[in-house]
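**Q** Okay, structure incoming, though there's no sequence with it:
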């Protein structure tokens, strides 16, 4: 039997990129037959308890992803032990994770976009202050990296 994996997606406030990654990856992993523990969190506590940004939810819904049950939370110390993969959306949030992470768990930290196969960006850009195109770009990148992560998990 394959090892049970767990994945935590991390951005700054846990209302745009990481909840989108959680929703997209959850749906695609289920469709691929993978049973995983999947969650998302932010490095900052700005939006704890809030639902995802309405623009993220709307753009995700247009592609068939439901983010409505999610609520923002901040990364906790327990997350470093609990999750097999803590995947940051950008360099700043990766650096924040690295600074907070106990040394024995640092091997679990990475940029989510390392799994992308069609996108040339190494980060998922924050769409919060931009226009609607940014939310579609985030979805494009996340779908790409999600498929690459699923392939990597299936390979073991």
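**A** Alright, I've got the coordinates. The model shown is predicted, which means the values in this text are computed figures rather than measured ones. Residues are numbered from 1 along each chain as shown.

**Q** Let me know the next secondary structure element after the helix or strand containing residue 81.
**A** Using DSSP states H and E, residue 81 sits within helix 77-82. Downstream of helix 77-82, the first helix or strand assigned by DSSP H and E is strand 85-88.

**Q** Tell me how far the helix or strand hosting residue 144 lies from the chain's centre.
**A** Here residue 144, judged by DSSP H and E, is contained in helix 132-155. Centroid separation for helix 132-155 versus its chain: 9 Å, with Cα atoms, centre = their mean, to the nearest Å.

**Q** Now that helix: average pLDDT?
**A** Helix 132-155 comes out with an average pLDDT of 97.

**Q** wait, what's in contact with the residue sitting nearest the centre point of the chain?
**A** Centroid-nearest residue in the chain, with Cα atoms, centre = their mean: residue 9, separated by 2.9 Å. Contacts for residue 9 (Cβ atoms under 8 Å, 6 or more residues apart in numbering) come out as 17-19, 21-22, 25, 38-41, 87, 89, 112. (C-beta placed from N, C-alpha, C; glycine too.)

**Q** do that again at 6 Å, thanks
**A** By Cβ atoms under 6 Å, 6 or more residues apart in numbering, the contact set of residue 9 is 18, 21-22, 40, 87.

**Q** isn't there a helix covering it?
**A** No: using DSSP: H, G, I helix; E, B strand; the rest coil, the secondary structure at residue 9 is strand, not a helix.
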